[in-house]
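Asks: can you look at this prediction? I've put the sequence above it.
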Amino acid sequence: MPTDTINKIGIISPGAMGISVAATMQRSGFDVYWASAGRSGSSVARAQEHNLLDAQTMANLCVTCDVLVSVCPPHTAVSIAEEVLATGFTGVYLDANAIAPNKAAYIAEMMTAAGVVFVDGSIIGGPAWEPQRTWLYLSGEQAELAASFFAAGPLETAVIGDKIGQASALKMCFAAYSKGTTALLSMILAGAEALGVRANLEEQWSRGGSDFATQTQQRVRRVTAKAWRFEGEMHEIAATFAHVGLPAGFHEAAANIYQRLAHFKEADTHPELKEVLTSLLQE
């Protein structure tokens, strides 16, 4: 499908990340649509602020747009793909979710059987409002086509192969460290608190002028806002490693840590460390 025949792109679930993806596509010359049905008031306000065009329903979105870009919580990736297929959509579908590569392959198989062009994608970094800060990695036979939707930036793109699952695999390995270690540090602080040695541990971390203890406290407090989303991502990482014969247990435990913090989702500010540790220690 030539780029010059594509004018309308739909963004599925334009949250804090998705809205920045949509903005890059707008800057790149495309009309960007979304479906407001069932979405929260904050989502509606966000879409209006960034001038997204409202197709109202998923069915209308699929009829209106030549391309769909999915940026949603990982646990909904399959159900959303199935909902899209149920409309008869036959355009280009870019799955940019944090999912295991075997799940990406499963979605690709469904899409391809229905005549949809599938591209595997993954996003590394925060919402893309500045150049050289957030990367969309792409793989699949039509990955270069997908990259053209974001040509104007600030979201950066990189095509890393023609095999479905490569982009997802990179995200899983990257997040296994970046988000997995935050879960580990959260557990360590909670354990030290329960054992009565947190002050001693932080003193040890601070020897030689290190600010690791302070950084760790801030990291554990900040992650609470996204813990609800990271829980599902840890399950995807665990499945990724299990698929290649590696232990899944570490990241399943990390998912449990984030599940205990999920209730902080609606908090207006980062909770105090004591509150975070109390939540972790309550089963």
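Replies: Perfect, I can see it now.

Asks: what average pLDDT does the one helix or strand A81 maps to get?
Replies: Per DSSP states H and E: A81 is located in helix 77-86. The average pLDDT for helix 77-86 rounds to 97.

Asks: so after it, what's the next helix or strand?
Replies: Downstream of helix 77-86 (by DSSP H and E), the next one is strand 92-95.

Asks: elements contacting the next helix-or-strand element following that next one?
Replies: Using DSSP H and E, the helix or strand that follows strand 92-95 in sequence is helix 101-113. Judged by 3 or more Cβ pairs under 8 Å, 6 or more residues apart in numbering; DSSP states H and E, helix 101-113 is in contact with helix 77-86, strand 92-95, strand 117-124, helix 166-194, helix 227-243. To be clear about C-beta, it is placed using only N, CA and C from the backbone, and glycine gets the same treatment.

Asks: quick check: which of the ones you listed is buried the most?
Replies: Ranked by mean neighbour count under mean count of other Cβ atoms under 10 Å, the helices and strands packed on helix 101-113 are led by strand 92-95, which reaches a mean of 27.

Asks: which strands or helices does it pack on?
Replies: By 3+ Cβ pairs under 8 Å, 6+ apart, strand 92-95 packs against strand 67-70, helix 77-86, helix 101-113, strand 117-124, helix 143-147.

Asks: and these: which comes nearest S206?
Replies: With Cβ to Cβ as the measure, strand 117-124 is the member of those nearest S206 (30.6 Å).

Asks: can you list the strands that the closest one pairs with?
Replies: In the sheet, strand 117-124 lines up against strand 92-95 (parallel), strand 135-139 (antiparallel) (DSSP bridges).

Asks: list the buried residues of the helix or strand of the chain with the lowest mean pLDDT.
Replies: Here the helix or strand of the chain ranked lowest by mean pLDDT, DSSP states H and E is helix 41-49, holding a mean of 92. Within helix 41-49, the residues scored as buried using 16 or more other Cβ atoms under 10 Å are 43, 46-47.

Asks: looking at the helices and strands packed on helix 101-113, which is nearest to W34?
Replies: Going by Cβ to Cβ, the one of the helices and strands packed on helix 101-113 nearest W34 is helix 77-86, 12.9 Å.

Asks: run through who's touching that closest one.
Replies: The contact list for helix 77-86 (Cβ atoms under 8 Å, 6 or more residues apart in numbering) reads 12-13, 58, 62, 68, 70, 72, 93, 95, 97, 99, 103, 106-107, 110-111, 114, 116.

Asks: now do 6 Å
Replies: Contacts with helix 77-86, where a contact means Cβ atoms under 6 Å, 6 or more residues apart in numbering, come from 58, 62, 70, 72, 97, 99, 107, 114.

Asks: can you lay out the residues you listed as TSV showing pLDDT?
Replies: Below are the contacts of helix 77-86 laid out as TSV (pLDDT from 0 to 100):
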residue	pLDDT
M58	96
C62	97
S70	98
C72	94
N97	97
I99	98
I107	98
A114	97
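
Asks: how about low-confidence regions in the stretch 1-150 of the chain?
Replies: The stretch 1-150 of the chain contains residues with pLDDT under 70 at 1-4.

Asks: quickly list the domain ranges of this protein.
Replies: Using automatic domain parsing, the domain parsing of the chain gives 3-163, 170-280.

Asks: follow-up on the earlier one: columns distance to F241 on top of the helices and strands packed on strand 92-95, output as JSON lines?
Replies: Below are the helices and strands packed on strand 92-95 laid out as JSON lines (distance: least, Cβ to Cβ, whole Å):
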{"stretch": "strand 67-70", "distance to F241": "24"}
{"stretch": "helix 77-86", "distance to F241": "18"}
{"stretch": "helix 101-113", "distance to F241": "11"}
{"stretch": "strand 117-124", "distance to F241": "16"}
{"stretch": "helix 143-147", "distance to F241": "24"}
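
Asks: picking up where we left off before, mind checking which of the helices and strands packed on helix 101-113 is nearest G29?
Replies: Short answer: strand 92-95, nearest of these by Cβ to Cβ, at 15.9 Å.

Asks: so what touches the closest one?
Replies: For strand 92-95, using Cβ under 6 Å, 6+ apart, the contacting residues are 67-70, 107, 111, 116-119, 121, 146.
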